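# generate coordinates for the sequence data below:
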Amino acid sequence: MALFLFTQNILEGKPIDVFNHGHHKRDFTFVDDIAEGVVRACDRVAAPNTDWSGDDPDPATSSAPYRIYNIGNNAPVDLSRYIEVLEDCLGQEGRQEHAAAAAGRRAATPSRTSKTWCATSATSRRRPWKWASARFVDWYLEYYKTNAPQPTRGHQPRLSGPLR
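The predicted model follows:
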């Protein structure tokens, strides 16, 4: 959601609200990676605990089984760096309005996915966030038919260095 709002605001010349002055990390995940995780999770139906009893319930199991999966990239990125890459992908700078951290917000929110990937036998590509950001910008510019400059190297931002 941040990627969409930041992209929209940069292109429209509106300010980007940057909390904690950009000094926090977030885990950004490409939508195709999330879809892959959901499909893989659907293939792993939770089984009931046949020994479960309402008279002596085990809170870790159930007669009505369910599983909760955390699907994400598990590679937190500094928000300020994320905005820089987005600006490079768009070919223009955004106007940032810095503010203190919002109440109750954590400084970092990594998605802890090791159990998910083990349970679903995933060998997910977990695409690099820079690549995914550039791909999103390509989609946004095409979908909304904007006149913003297109990235010059396809789906990769105009940056040097490794993608992760």
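
# buried stuff in stretch 131-145?
132-137, 140-141 (16 or more other C-beta atoms under 10 Å). Just so you know, the C-beta spots here come from the backbone N, C-alpha and C atoms, and that holds for glycine as well.

# over to the residue in the chain sticking out farthest from the centre: give its phi and psi.
What lies farthest from the middle of the chain is Asp55; by C-alpha atoms, centre = their mean that is 41.9 Å. In terms of degrees, to the nearest 10, the main-chain angles of Asp55 are phi -70, psi -30.

# give the contact list for it.
By C-beta atoms under 8 Å, 6 or more residues apart in numbering, the contact set of Asp55 is empty.

# and the helix or strand bottoming out on mean pLDDT in the chain, how far out from the chain middle?
Among the helices and strands of the chain, helix 114-119 carries the lowest confidence by mean pLDDT, DSSP states H and E, at a mean of 72. For helix 114-119, the distance from its own C-alpha centre to the chain's C-alpha centre is 17 Å (C-alpha atoms, centre = their mean, to the nearest Å).

# so how far is the helix or strand following that helix from its chain's centroid?
Using DSSP states H and E, the helix or strand that directly follows helix 114-119 along the chain is helix 129-143. Its chain's C-alpha centre and that of helix 129-143 lie 13 Å apart, by C-alpha atoms, centre = their mean.

# again, but for stretch 58-66
The mean C-alpha position of stretch 58-66 is separated from the chain mean by 30 Å, C-alpha atoms, centre = their mean.

# this structure: strands as residue ranges?
Using DSSP state E, the strands of the chain run over residues 15-19, 25-26, 77-78, 95-99, 108-109.

# just put those strands in TSV and tack on mean neighbour count and distance to Met1.
Putting the strands of the chain into TSV (neighbours: other C-beta atoms under 10 Å; distance: least, C-beta to C-beta, whole Å) gives the following:
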stretch	mean neighbour count	distance to Met1
strand 15-19	16	12
strand 25-26	17	11
strand 77-78	16	15
strand 95-99	13	17
strand 108-109	12	13
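
# and these, which one's lowest on average pLDDT?
In terms of average pLDDT, strand 108-109 trails the rest of the strands of the chain, at a mean of 75.

# how close does the residue nearest to Arg127 when sequence neighbours are not counted sit to Glu93?
Closest residue to Arg127 apart from its sequence neighbours, by C-beta to C-beta, 6 or more residues apart in numbering: Phe30 at 4.6 Å. Distance, Phe30 to Glu93, using C-beta to C-beta, to the nearest Å: 24 Å.

# more neighbours, the two?
Phe30 (20 against 11; other C-beta atoms under 10 Å).
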